[in-house]
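**Student:** Next input, structure requested:
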Amino acid sequence: TEKALGEHLLLWQKHNEGRVRFHQGYGPTEATVTCTMYVHDGSVVDPQCPLPIGRPLPNTQIYLLDARLEPVPIGMDGEVYVGGAGVARGYLGRPDLTAERFIDNPFNRDGGLLYRTGDLARYQPDGQLVYVGRSDFQVKIRGHRVELGEIEAVIRAHAQVDECVVLLREDVPGQRRLVAYVVPRQGEFDPASLAALVAVRLPEYMAPAQYVMLAAFPMTPNLKVDRRALPPPEVERCRTSMPPASDEEFLVAQVWSQVLGITGFGTDQSFFDLGGDSLLAVRVFERLQASCSAPLSLADLFASPTVAQLAARMRSGGGIDAPTIICLKPGDDALPVFLVCGIGLYLPLARALRTSSAVYAMYLPLEAEIVQRGAVLPPVEELAARYIELLRSHSPRGPYALGGVSFGGVLAYEMARQLRAQGESVPVLALLDPVLPRARLRGPLNWLVAQARFVRRQGAKSLARRATHHLAALARRVHPGFAPMLPSFMTPESTGLDPFRTQAYGDAIALYDRRVRHCEGPAILFRALDSEQGALEESLGFRSLVRGQLSMHDLPGDHLGILAHPHVSVLADHLDSHLSQQRALPAP
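**Tutor:** Got it, this is the predicted structure:
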């Protein structure tokens, strides 16, 4: 591997004091073994950076092409095609394989063949080629195309890892998961530190669901890793693991086995450590809801991630009925990130963030507030004060990074206002597509279209009927030709959203907007481009309130889609940038 090669070169350099010149060649047998050559300049080798494979030899051409056989630009990965005098004419007695791998050279007027290697490489700005991996090691999982070699490179960067191979396995039909096979170095090995490294450097969808430790990899006769011979993953029990001991634990364990496709785990092992994610958590929640009468919520699984904890919550009646802070991503507390009003909603964002800061989700049982008070929430100022009390119970002093989406964004704004007024440092305030009634409309027709989309997404029939009648009346005054389109355009589609909950949040925000006060200090506003709020002004009503720098970013996706894959990676990149800038500043 590149890591092992770099370490060997460092050893040779140490013992030869720079008197040895290194050459690295690349090429397949079908192109006479060597097609490119790199001559090292004698500088100290960095084992973490791959050595280039150089430039083509004389009478050899190298093309990096995409799927349409078009050349890729510098810095982008492309499949390596080899042309020139060294290319073979094909495989003896295998016309089918020859037709697959040898094609006519479209870049040479004199004809000739190109050999399709299946390798991936890219050009550096200096013209040197860098080997990236195999094209047949690219896989697709949850809608994302993933390069397995990129995951392997991150795992190999761990100081206790000697070798690594990552596979996409489907041991249970319909359940595809990434499995990392690791050969650790001699001595003690800490799997938790490896998982933490992967969580920091890779987005959630690229993190392996399981890690399998092996003493050595099975090899083919030509001394390459035999990937087909790698064993299926087995769940290792924790030292303190216990089997299910109650009816509730048996039920939870059975559902986990069905969803995760594994057995043999203990009641003290975390659902997420066993390969679970936010999507699988929804399936667990649905099956448990269908199997028991306990009023569980999806947040319960995040707050109680083991079989024993979730079973205990079921026995006690279920439901998170107390303020809770849950760590979504471990890290340091130099500038901890606290996300307001939700748990599972923020999990993809936490896993996509590369910051070394710890990321927490803060939860108050707002649904119970709505039920108990008849669809009326406490004032936003009161809710923010309660969130601050919960925050201080975990981290008594700042600095804090706060964020929230939708109604949670308004809560985060008020929390930051109160904390800054109390003398606390809140250098990062992330407002994720929030809105206040003071936001101005960009145009009446745009507003009608936006509201129609919003009502259609809510799926509440009574709300949709009332809104359709109201909007149709407005439409006739704004644009006569638009009114007949409204009834068919706004056909309700059930999404499971409670109209009373939506109304309660809306009423709370409207009341808060009438007496909202200015917030000292900076803020970052993220606006969803596909949201129903696209008809509103760019600042969504916050430009006149924030007395400090207001950074604004437009994000792909709708109101909550900015927190889901694939759009969450864009949000994570922006937020990472702001967090790194603040972490780099000297402490006050």
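
**Student:** what comes up buried for the helix or strand where Asp554 lies?
**Tutor:** Element membership of Asp554, judged by DSSP states H and E, is strand 550-555. Within strand 550-555, the residues that count as buried by 16 or more other Cβ atoms under 10 Å are Leu550, His553, Leu555. In this view, the C-beta of every residue, glycine as well, is placed from N, C-alpha and C.

**Student:** can you pull out the helices in the stretch 451-588 of the chain?
**Tutor:** 461-478, 486-489, 499-515, 568-584 (DSSP state H, counting those that start in this stretch).

**Student:** Would you reformat the buried residues of strand 550-555 as TSV and include pLDDT?
**Tutor:** Output for the buried residues of strand 550-555, formatted as TSV (pLDDT from 0 to 100):
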residue	pLDDT
Leu550	92
His553	91
Leu555	88
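
**Student:** Quick one: neighbours of Asp96, just the number.
**Tutor:** Residues contacting Asp96 under the criterion other Cβ atoms under 10 Å number 8.

**Student:** That one - that's part of a strand, no?
**Tutor:** No: according to DSSP: H, G, I helix; E, B strand; the rest coil, Asp96 belongs to no strand; its state is helix.

**Student:** Leu202 against Val154, yeah?
**Tutor:** Yes: counting by Cβ atoms under 8 Å, Leu202 does reach Val154; the two are 5.8 Å apart.

**Student:** angle of the strand holding Asp554 against helix 568-584?
**Tutor:** Orientation note: strand 550-555 sits at an angle of 150 degrees relative to helix 568-584 (axes from the mean of the first three to the mean of the last three Cα atoms, to 10 degrees).

**Student:** worst average pLDDT in the helices of the stretch 451-588 of the chain?
**Tutor:** Among the helices of the stretch 451-588 of the chain, helix 486-489 carries the lowest mean pLDDT, a mean of 36.

**Student:** Return the per-residue confidence for Cys35.
**Tutor:** 94.

**Student:** going forward, begin numbering at 57 instead of 1
**Tutor:** Right, with 57 as the first residue, what we last looked at is Cys91.

**Student:** List the residues that contact it.
**Tutor:** Tyr82, Gly83, Pro84, Pro112, Leu113, Thr116, Ile118, Val138, Gly140, Gly142 (Cβ atoms under 8 Å, 6 or more residues apart in numbering).

**Student:** Keeping just the C-alphas, turn stretch 118-131 into PDB.
**Tutor:** This file holds the C-alpha atoms of stretch 118-131, laid out as PDB (Å, rounded to 0.1, in the frame of the first residue of the first chain):
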ATOM      1  CA  ILE A 118      -2.000   7.600 -21.200                       C
ATOM      2  CA  TYR A 119      -5.500   8.900 -21.300                       C
ATOM      3  CA  LEU A 120      -7.700   9.600 -18.300                       C
ATOM      4  CA  LEU A 121     -11.300   9.300 -19.500                       C
ATOM      5  CA  ASP A 122     -14.800   9.500 -18.000                       C
ATOM      6  CA  ALA A 123     -17.700   7.100 -18.700                       C
ATOM      7  CA  ARG A 124     -18.300   8.800 -22.100                       C
ATOM      8  CA  LEU A 125     -14.600   8.400 -23.100                       C
ATOM      9  CA  GLU A 126     -14.100  12.100 -22.700                       C
ATOM     10  CA  PRO A 127     -10.800  13.400 -21.100                       C
ATOM     11  CA  VAL A 128     -11.200  14.600 -17.500                       C
ATOM     12  CA  PRO A 129      -9.600  17.900 -16.300                       C
ATOM     13  CA  ILE A 130      -6.600  18.200 -14.100                       C
ATOM     14  CA  GLY A 131      -7.300  17.100 -10.500                       C
END
